[in-house]
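A.B. asks: no sequence on this one, just coordinates:
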């Protein structure tokens with residue numbers, strides 16, 4: 001995986017669903033934001049993946065679909081993975097991937113079905129089918145846009161144009177697009193060939209398999225399921241599920257019933273055909289003997305072993321030796337099929353029909369036709385596995401998806417490749433500490449809490465720069481102490497020391513539960529420090545507060561949930577009774593807490609069942625201020641108290657569990673008396689997970705949506721996409737940290753926009769900037785950081801690594817049109833001496849690979865400043881003194897050398913330059929430290945000067961000392 005390169009991602013102009021705005025309401029031209037750049041900071045570990053695939057003739061090539069991070073490919077059996085569908089013009093404009101298949105007769109033809117089918121409470125939706133005819137280089141839409149969740153794709157062995165797609169459909173509402181589809185023209189047209197005639201809008205298809213020796217014989221399973229909007233665990237199993245066979249290529253079907261359970265509680269069924277003996281079939285059947293699973297108490301742990309099923313269930317592993325005419329139960333061990341809504345997949349060895357793999361919290365192998373099973377992949381805690389694809393020509397080569405990522409085995413499951421090379425983490429929230437370098441924290445679904453450093457003293461971010469956190473699990477909120485980033489809080493009274501990796505409870509406990517109103521939970525609950533007085537808040541249906549870092553807690557509200565909330569009209573009666581909590585008249589929770597940063601006595605809260613409250617007297621009274629348009633189960637995903645006015649608040653509302661994918665951001669300036677929904681420019685499909693106000697610029701807002709980040713410069717009246725190089729993925733949370741903007745995504749981990757202060761200038765005087773022929777933005781906070789490099793031999797470039805912040809002074813500038821001459825940037829010190837120079841006409845020489853003794857990747861030249869129209873970013877700094885190591889990335893002009901007299905910086909010689917390894921061009925990256933690292937930049941007052949077509953533009957910049965107290969003088973660097 002080459003994660004050094006930037007990931008392109010703006011929504012492709014494809015006519016899928018209604019995810020494009022009809023007429024974007026934006027204040028400025030889109031290219032005014034083009035210079036702003038997102039940086040992936042990890043963590044370097046995988047998140048949940050589902051669909052996997054390969055081709056028999058390419059033994060080292062495999063594909064995988066992240067359920068929130070797009071499509072990835074390896075060509076070296078899992079050593080490295082690369083995202084292949086992020087391109088804004090030719091990629092797939094959704095991050096949620098459900099199924100992948102490579103045509104057996106043509107390895108260049110790859111099909112992808114979007115929308116993950118393991119429908120957890122936190123899943124995302126899909127927008128249909130996509131097809132590549134060049135092995136994943138480019139993609140085109142291939143129909144079925146309204147299926148929302150696709151479980152499996154099967155392609156005819158001899159005809160790459162003939163395929164079947166199992167469409168599960170909407171997880172929350174009736175959906176006419178459910179069922180099994182067939183295309184004979186490569187996805188240009190589709191025909192629904194299998195569905196439930198009695199309930200076509202309620203029963204979907206989940207799996208499909210083709211007889212490997214007779215493509216006319218097809219097997220498919222139907223599954224009727226639904227989720228209520230409040231549920232955090234298992235969906236329901238409704239009547240209509242079952243296994244079917246066609247012997248005429250899908251024209252007609254019959255249900256296979258002899259020996260299989262056929263009651264009204266049959267759930268998900270996984271089906272596979274033995275390649276060496278197509279009469280041998282394997283099936284894994286979910287049937288717990290009831291429509292609704294027992295609730296998981298205590299908040300629902302998703303990775304542990306499932307509870308024992310009812311004794312009358314029909315669930316288990318089944319085998320047929322007569323092509324499905326009759327079946328026998330070969331193993332009913334709950335570990336093989338329990339929690340079937342999340343698992344139920346089986347794969348068969350290509351030469352031994354008695355050897356099969358069944359997928360659950362571990363991956364189990366049998367060699368005796370199902371009598372016994374042994375785990376071949378699994379770890380404490382339950383990794384949770386989903387699909388396996390085995391090479392038909394070599395049963396030792398296989399690819400396996402899991403909650404932790406995707407792994408490959410080339411030795412028949414004895415050993416596996418790593419999932420610590422896929423930055424596809426699903427993060428719920430983001431919190432930043434106040435150290436240098438600062439760390440970001442959040443709970444990673446399926447893997448536990450995680451912290452990542454945003455800067456590395458070893459020049460690049462790697463596995464050394466992230467850690468599992470000592471609390472938070474896979475869903476709780478984790479927040480660092482404002483005064484000590486090693487002290488973490490979460491889960492209410494939870495407290496731990498990350499430096500020691502151990503709990504350090506102060507003895508404080510939440511108030512005892514009310515026996516008449518037992519504590520309720522949902523998958524993730526809020527915990528937050530107040531910026532006004534550092535009080536710590538937590539909630540379930542009540543709001544709790546600690547003013548002494550958790551030594552003592554007090555309950556400061558009553559039960560704030562709705563009484564007898566309305567059941568959504570599209571929900572069936574059976575699923576409506578699927579309630580995870582003991583209470584029946586109230587089962588919502590306080591889902592978000594927004595303490596005012598300017599008034600310690602003012603706190604806003606929102607519930608997941610559609611209510612908003614505010615207290616202005618420190619919790620003595622809570623006033624309901626819900627917008628009139630909000631109905632039950634409109635989840636208040638986040639509420640943000642105003643940073644400049646105590647009566648201001650912003651609430652993001654998510655209604656996708658009600659079948660409503662529209663965005664909602666409610667704004668009030670009068671303490672909640674009146675609200676306006678301010679979402680112009682945010683399209684349907686981009687429902688909102690978080691809204692935040694900039695901490696320094698009034699009216700500058702950020703919205704985290706299911707597709708990307710949006711920004712508003714006018715208090716929400718209009719919005720613009722702030723995606724730029726970000727891949728399309730679910731963005732769940734935002735935090736403003738100094739001059740940086742950090743986000744948590746549900747599929748691509750944490751990202752940072754370094755020194756985004758240009759956004760604040762646009763908020764203040766955007767019209768003047770956009771009308772100017774050229775403009776130089778004032779640089780953000782800049783520090784003279786002394787950073788080291790990778791001592792000794794650096795990490796091989798195949799190891800997953802991400803970039804540090806850009807080095808030097810990060811400079812943004814705007815060009816309304818391309819100038820006639822070059823753009824020149826300079827750093828001028830207080831004495832008027834030019835310390836660094838960079839120009840757009842500087843020649844960039846390619847690496848001469850016949851004269852170097854390292855791979856070319858280590859000496860790639862950085863691009864000069866751009867002279868194209870639009871907004872740009874360039875990091876400029878003086879060359880480093882001699883011996884000042886760290887790995888390049890200065891950004892200033894190299895003294896002398898070939899081509900020194902051919903550009904606008906001709907003749908520039910940095911004062912007292914002594915050679916060394918530091919100065920090497922700038923651009924958007926650089927491999928050294930950040931904000932001045934590995935350069936000759938000293939603390940002091942400077943001026944950034946830009947010259948364009950004879951006009952000069954200047955901005956002051958103060959370079960602060962290294963915050964760690966390390967001196968930055970030429971003498972101190974001698975010998976390094």
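C.D. replies: Received, thanks. Note that the structure is predicted; figures quoted are calculated from it, not measured. Numbers count the residues shown, from 1 in each chain.

A.B. asks: and the gap between residue 169 and residue 467?
C.D. replies: 40 Å (C-beta to C-beta, to the nearest Å). For the C-beta atoms, the positions are set from N, CA and C on the backbone; glycine is no exception.

A.B. asks: Compare neighbour counts for the two and give me the winner.
C.D. replies: residue 169 (30 against 17; other C-beta atoms under 10 Å).

A.B. asks: The more buried one: what's it in contact with?
C.D. replies: 147, 148, 149, 175, 177, 178, 179, 204 (C-beta atoms under 8 Å, 6 or more residues apart in numbering).

A.B. asks: 6 Å - rerun?
C.D. replies: 148, 175, 177, 178, 204 (C-beta atoms under 6 Å, 6 or more residues apart in numbering).

A.B. asks: any low-confidence regions in the protein?
C.D. replies: For the chain, the stretches with pLDDT under 70 are 1-26, 296-312, 880-902, 912-935, 968-976.

A.B. asks: Tell me which residue is most central in it.
C.D. replies: residue 747 (2.3 Å; C-alpha atoms, centre = their mean).

A.B. asks: quick one: contacts for it?
C.D. replies: Residue 747 neighbours (C-beta under 6 Å, 6+ apart): 66, 68, 69, 95, 424, 426, 729, 730.

A.B. asks: Please apply the same query to residue 186.
C.D. replies: So residue 186 contacts residue 161 (C-beta under 6 Å, 6+ apart).

A.B. asks: For residue 111, see how far away it is.
C.D. replies: Distance of residue 186 to residue 111, computed by C-beta to C-beta: 9 Å.

A.B. asks: which of the contacts of residue 747 lies closest to residue 527?
C.D. replies: Residue 527 has its nearest neighbour among these in residue 426, at 19.0 Å by C-beta to C-beta.

A.B. asks: what's the biggest strand by length in the chain in contact with?
C.D. replies: Using DSSP state E, we find that the single longest strand of the chain is strand 951-961. Strand 951-961 is touched from outside by 776, 778-779, 782-784, 809, 937, 939-946, with contacts defined as C-beta under 6 Å, 6+ apart.

A.B. asks: And the buried ones among the residues you listed, selectable in PyMOL?
C.D. replies: The following PyMOL line selects those of those that are buried, judged by 16 or more other C-beta atoms under 10 Å:
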select buried, resi 776+779+782+783+784+809+937+939+942+943+944+945+946
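
A.B. asks: Closest to residue 269 out of the contacts of strand 951-961?
C.D. replies: So of those, ranked by how close each gets to residue 269 (C-beta to C-beta), first place is residue 783, at 58.9 Å.

A.B. asks: any idea which helix or strand carries that closest one?
C.D. replies: Element membership for residue 783 (DSSP states H and E) is strand 782-784.

A.B. asks: Give the pairing partners of that strand; include direction for each.
C.D. replies: Here strand 782-784 is paired, per DSSP bridges, with strand 951-961 (parallel).

A.B. asks: Would you mind giving the contacts of residue 169 as TSV with secondary structure, neighbour count and distance to residue 430 added?
C.D. replies: Output for the contacts of residue 169, formatted as TSV (DSSP: H, G, I helix; E, B strand; the rest coil; neighbours: other C-beta atoms under 10 Å; distance: C-beta to C-beta, whole Å):
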residue	secondary structure	neighbour count	distance to residue 430
148	coil	30	28
175	coil	23	33
177	coil	21	35
178	coil	30	36
204	strand	32	34
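
A.B. asks: now, which of the residues you listed sits nearest residue 605?
C.D. replies: residue 148 (31.4 Å).

A.B. asks: surely that closest one meets residue 115?
C.D. replies: Yes. Assessed by C-beta atoms under 6 Å, residue 148 is found in contact with residue 115 at 5.1 Å.

A.B. asks: Pull up the overlap in contacts between these two.
C.D. replies: By C-beta under 6 Å, 6+ apart, the residues touching both residue 148 and residue 115 are 125, 126.

A.B. asks: Quick one: residues in contact with the single longest helix found in the chain.
C.D. replies: When the chain is scanned for its longest helix (criterion: DSSP state H), the result is helix 757-771. By C-beta under 6 Å, 6+ apart, the surrounding residues in contact with helix 757-771 are 28, 32, 697, 699, 700, 713, 739, 775, 777, 780, 812, 814.

A.B. asks: Tell me the first helix or strand C-terminal of that helix.
C.D. replies: Remark: after helix 757-771, the chain's next helix or strand is strand 774-776, criterion DSSP H and E.

A.B. asks: Direction included, what does that following strand pair up with?
C.D. replies: Under the rule (DSSP bridges), strand 774-776 has strand 809-815 (antiparallel) as partners.

A.B. asks: Flag every buried residue along the strand it pairs with.
C.D. replies: 809, 810, 811, 812, 813, 814, 815.

A.B. asks: If we only consider those residues, which is nearest to residue 720?
C.D. replies: residue 814 (15.0 Å).

A.B. asks: Pairing partners for the closest one in the sheet, please.
C.D. replies: residue 775, residue 871.

A.B. asks: surely it meets residue 775?
C.D. replies: Yes. The criterion here is C-beta under 6 Å, and residue 814 meets it with residue 775 at 4.2 Å.

A.B. asks: Out of the contacts of helix 757-771, which comes closest to residue 503?
C.D. replies: Scanning these for proximity to residue 503, where the rule is C-beta to C-beta, the winner is residue 739, at 34.3 Å.
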